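Undergrad: below are the sequence and a predicted model for it; my questions follow.
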Amino acid sequence: MKKIYLLILFPTILFANNIELSEKKEIKTEVKSKCDIVYGDVYNYCIDKNFTTEAATRIANAAKTECNRFLKTSTN
Amino acid sequence: MRKIYFILFFSIISTVYSQELKGSIEYSLIFTDDENLNNGDLANYFKKAKDNSKYISFMLDFNNLEMNFYPIVKEIDGVNTSFSIAFSGVNGSYYRERGENTIYRLIDDKAMGKHIVTNDLNLEWKLENEQKKISELICYKATAKLKSNNGNNDFFIDVVAWYCPQIPYSYAPKGYNGLPGVVLELHERNVIIAAKNIDFNKEILNISKPKGKTITEKEYIELFQKFVDENDH
């Protein structure tokens, strides 16, 4: 009887773990794509306003870092 | 004989004087209002840059042979100074030898590592008649147009410098060259880097030419953009 319980329990735990992992992966992908959009928007705006490529990249990178930090804390 | 003594005395005095003229200048970072930044997509980020600019200062260490300009960031929990630094246009520490045009910029990034970026900059300054006192020293105004390109188009950035002939070396924030005195105030777009403290008696100066492989600004920007694309931080 114990064996049967174990046989049922083990795949269930594995399945649940997989769901959790894929959920985490989904959140990570969502954060990445949202923050990449922020990066792109800020970069293009800076270029449009005649910032140098280096300044535009640095400002957009700071915006992306802040976005990553914000979304990571809000999803935890 | 008197003439020889006089010439000898004068050359000794001038040599000693030029050898001893060294020091350190501390600058503040100030952002003035800009219509493009106060409104639109960057407004929120620019506000953070302005609010936290008080935690950033810059140092220009110099002697009669070379200079080094670098930022000092006051680290405080919960304060994000990355926007202030990004909007300031200063990235890394700028080394230049007196009389040379090449600026060696050491960019030491926690994630990207160390890079030495070189840039030959020769601005055509227009000396103006205006003058003002900064830290009790008389400074004169000079203007220039910095030619730039961001892949989108060519454009010019207006640069205003207040230089001090009483410190007769051609040194400036960001390593700018070509003026008959150290620049005590630099305006670029809406960014002002303004001297607030001058110390001619500082014992230890942070000046050393970065050693290692150098890359151009274009190569560095390509590396940086690739890094941003591939990493989340």
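TA: Now that the structure is in, tell me what you want to look at.
Undergrad: and the contacts of the top strand by length along chain B?
TA: Assignment by DSSP state E gives strand B:137-149 as the longest strand of chain B. Strand B:137-149 has contacts (C-beta atoms under 8 Å, 6 or more residues apart in numbering or on different chains) with A:50, A:52-53, B:123-133, B:154-167, B:179, B:181, B:184-185, B:188, B:198. Heads up, the C-betas are built off the backbone N, CA and C, glycines and all.
Undergrad: rerun that using 7 Å as the cut-off
TA: A:52, B:123-128, B:130-132, B:154-164, B:166, B:179, B:184-185 (C-beta atoms under 7 Å, 6 or more residues apart in numbering or on different chains).
Undergrad: show the buried residues in these.
TA: A:Thr52, B:Leu123, B:Trp125, B:Val159, B:Val160, B:Ala161, B:Trp162, B:Tyr163, B:Cys164, B:Leu179, B:Leu184, B:Glu185 (16 or more other C-beta atoms under 10 Å in any protein chain shown).
Undergrad: pick out the most distant pair among those.
TA: A:Thr52 and B:Cys164 (27.5 Å; C-beta to C-beta).
Undergrad: how about low-confidence regions in chain B?
TA: Scanning chain B for pLDDT under 70 picks out B:1-20, B:232-233.
Undergrad: in it, which spans are strands?
TA: Under DSSP E, chain B gives strands at B:23-31, B:56-62, B:66-73, B:93-97, B:102-109, B:113-120, B:126-134, B:137-149, B:154-164, B:182-188, B:191-199, B:214-216.
Undergrad: parallel or antiparallel, list what pairs with the shortest one.
TA: Spelled out, that is strand B:214-216. strand B:113-120 (parallel) (DSSP bridges).
Undergrad: what angle do the longest strand of chain B and strand B:126-134 make?
TA: Here strand B:137-149 runs at 130 degrees with respect to strand B:126-134, directions being taken by axes from the mean of the first three to the mean of the last three C-alpha atoms, to 10 degrees.
Undergrad: same question for strand B:137-149: list its buried residues.
TA: Buried residues in strand B:137-149, counted by 16+ other C-beta under 10 Å: B:Leu137, B:Cys139, B:Tyr140, B:Lys141, B:Ala142, B:Thr143, B:Ala144, B:Leu146, B:Ser148.
Undergrad: same deal with stretch B:220-233?
TA: Buried residues in stretch B:220-233 (16+ other C-beta under 10 Å): B:Tyr220, B:Ile221, B:Leu223, B:Phe224, B:Gln225, B:Phe227, B:Val228.
Undergrad: could you do stretch B:90-99 as well?
TA: So, applying 16+ other C-beta under 10 Å, buried residues of stretch B:90-99: B:Val90, B:Asn91, B:Gly92, B:Ser93, B:Tyr94, B:Tyr95, B:Arg96.
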